[in-house]
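K.L.:
build me a model:
(2 chains)
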Amino acid sequence: MTLANIEAATTQTSASSRRALRSVLASKTATIGIILIALLLLTAALAPVLAPYDPIAQDINNRLLPPSDAHWLGTDGFGRDMLSRIIFGTRPSLGLLALVIATSLPIGLIVGISAGFTGGWVERVLMRFTDIVMAFPQLVLALAFVAILGPGLVNSALALTLTGWPAYARQARTEAAAIRQSDFLAAAQMGGIRGARLLFGHVLPLVLPSAIIRVALDLGGIILAAAALGFLGLGVQPPTPEWGAMVSDGTKVIFDQWWVAAAPGAAILIASLAFNLLADGLRDILDPRRD
Amino acid sequence: MSSNASSAITATRRPLGRRVVDSGRAFAVWFGTFLLTLFGLLVITFALGLTSAADPALHRVGEHASEAVYQQARHNFGLDQPIPVRFANYVWGVLHGDFGISWSSSRSISEDLARVFPATVELAVVAIIFGATIGIALGLASALKPRGLVDNILRLVSLVGYSVPIFWLGLLMLLIFYATLHWAVGPGRLDDIVQYTITWHTGFALIDTLWAGDWASFVDALAHLVLPASVLAFYAIAGISRLTRAALFAELGKDYVTAARARGATQWQIVMGEAFPNVAGVVVTIVALSFTVLLEGAILTETVFAWPGLGRYLTAAIFVADMPAILGATLVIGASFVTVNAIADLLTKLIDPRLRT
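P.N.:
A predicted model of the protein is given here:
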């Protein structure tokens, strides 16, 4: 009986996740998003191969050149090739994105699962705390955090994590609370599984899929927040190419050499749009009122 | 609401006294959460100041001061006190409007903040008026013809609106409408000439120029507002139109709409006469929440448009590593954000009877 229950629960999830995958691919916006994301990842991985020039090699004789055959997107104020810098710029953006998720998702899951599964005053305290953090202004606190503790990739990621986890905690709490009373957990507990093993071996696998989808909805926003930090000089430090910082460099010459700011900004737009297209498709699929 | 649903609610209504006690309790919980959130904000800014590598005492006396002078400065700043006492002093100071002295300008930070605050409010209010009008209109238009042209355009606009870096959009707008087409005036809040002739009463340029009956200055202030407010408004339109559309679509799926359709009501009659009035409360909340997004968006927009508000004050302080000014500006922006958020929360509870506890 217990085994059959557990098996039923697990097969159900894998079947539904396969069905979910199929409907994601059926959504046009999500498919375009996935293709764009794949291209971004490929660009980041193959940056040294794809980039025609060294992204940090300065060439003072060829500063601020307009787009041409030699430099498809022109050159910046130090004579560096814009295209190569934009190609290498995928790395800090996607890297920061991965770091933010790698820190905020586990925090959200731990808080949410503990709250949802335990219930009682633990749940009330944890969720009140979550609500308070959720009410904080994310960008302003991130700016203050990085401005005071020092710029860079890791501090930027921590700054965005600081206020980024509550949404995942809420989602995880709802899911964990829904399965708190289920038979298969009672069975596992009777089998002597409790504590962390129960929470992370039996509750987590059922909570994780929806949490991951919840994360997917935020990715575009994280790209924008990271770019904003870079624009204000608080992200990855020069000479490492970073899109936000490149737009900031371009502001000085925006009226004369507009491409220096326009090209990296377009890269931010495309990256963020890719994740938002995926999110748009996912939201449609998750919406129970669809059709 | 259908009459059926409301009669069901009346049937289960609790006695009046009980309801008054309950809403009093709900209000107390709301207010307590609001105060706790503000307190949390103070804890964060205090902790940031504490963990900072910058030493206020060292900053005051300079690196070549003797040990005795340095210790005296530490004592004057209260830095030799235990941390809970320092936190209490910090909260006490903030409650009395004392945010310390700016390291870069040596002026009182609270006076600086009071001076720049109206500029941000003016920008954000004009932007939310633009954004809410266009956003709600777009949401309505797409509900009038689901999957029609407007609906599809709206979907594209909101996708781009969610994805575009606002500081870049601002730069492009300056490039196109100011530098290339000469349709708009350049960055800043007022022309230099106006800047030094205006008499400030409220700190809001539009109000103060009208107050003085100075029509030319009023037009100048308005002209400077158009571009940054439009950029911010675009940012808000994405959210407002999309959520308005979603609220309307949810309403259109309800039984009373089907019934109205069966009676031969047109889509216009249903959307404008029935669905929109029913979601109006939700829309108010959406607009209030969008206002918080604008407060944050204003930081980047102000930086691009050289708009002398809170956001530009914050980024200027960041560039010169002026720690007390950074923390003060963060606290004021954060507190405004939290306050608007809490008001939106309260509005939701007041408007939607289902959420009343």
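K.L.:
close enough to count as contact, A:Leu162 and A:Leu143?
P.N.:
No. Counting by Cβ atoms under 8 Å, A:Leu162 stays clear of A:Leu143, with 11.4 Å between them. For every residue, glycine as well, the C-beta is placed using N, CA and C.
K.L.:
which of the two has more neighbours?
P.N.:
The neighbour comparison of A:Leu162 against A:Leu143 (other Cβ atoms under 10 Å in any protein chain shown) goes to A:Leu143, with 28 against 18.
K.L.:
enumerate every residue touching B:Ala57.
P.N.:
By Cβ atoms under 8 Å, 6 or more residues apart in numbering or on different chains, the residues touching B:Ala57 are B:70, B:73-74, B:76-77, B:79.
K.L.:
contacts with chain A among those, please.
P.N.:
With the criterion set as Cβ under 8 Å from any Cβ of the partner chain, no member of the contacts of B:Ala57 is near chain A.
K.L.:
what subset of the residues you listed is buried?
P.N.:
Among the contacts of B:Ala57, those classed as buried by 16 or more other Cβ atoms under 10 Å in any protein chain shown are B:70, B:73-74, B:77.
K.L.:
out of the residues you listed, who's nearest chain A?
P.N.:
Lowest distance from chain A to the buried ones among the contacts of B:Ala57 (Cβ to the nearest Cβ) belongs to B:Phe77, with 17.0 Å.
K.L.:
so the closest one versus A:Ile148, what's the distance?
P.N.:
Distance from B:Phe77 to A:Ile148, counting by Cβ to Cβ, to the nearest Å: 17 Å.
K.L.:
one more: B:Pro187?
P.N.:
Counting by Cβ to Cβ, the gap from B:Pro187 to A:Ile148 is 28 Å.
K.L.:
if you count surrounding residues, which of the two has more?
P.N.:
A:Ile148 (24 against 15).
K.L.:
so the more buried one is in which element?
P.N.:
helix A:138-149 (DSSP states H and E).
K.L.:
just the residues contacting that helix, thanks.
P.N.:
So helix A:138-149 is contacted by A:152, A:155-156, A:158-160, A:162-164, A:225, A:228-229, A:232, A:234-235, B:44-45, B:48-49, B:51-52, B:54, B:296, B:299, B:314-315, B:317-318, B:321, B:323, B:326-327, B:330, B:333-334, B:337 (Cβ under 8 Å, 6+ apart).
K.L.:
do the same with stretch B:163-171
P.N.:
Stretch B:163-171 is contacted from outside by A:220, A:224, A:227-228, A:231, A:244, A:247, A:250-251, A:254, A:261-262, A:265, A:268-269, A:272-273, A:276, B:227-228, B:231-232, B:234-235, B:297, B:300-301, B:303-305, using Cβ under 8 Å, 6+ apart.
K.L.:
and it, C-alpha only, in PDB?
P.N.:
This file holds the C-alpha atoms of stretch B:163-171, laid out as PDB (Å, rounded to 0.1, in the frame of the first residue of the first chain):
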ATOM      1  CA  SER B 163      12.500  43.600 -20.700                       C
ATOM      2  CA  VAL B 164      13.900  47.000 -21.600                       C
ATOM      3  CA  PRO B 165      16.600  48.500 -19.300                       C
ATOM      4  CA  ILE B 166      15.000  51.800 -18.300                       C
ATOM      5  CA  PHE B 167      18.300  53.700 -18.200                       C
ATOM      6  CA  TRP B 168      19.000  52.700 -21.800                       C
ATOM      7  CA  LEU B 169      15.500  53.600 -22.900                       C
ATOM      8  CA  GLY B 170      16.000  57.000 -21.400                       C
ATOM      9  CA  LEU B 171      19.200  57.500 -23.200                       C
END
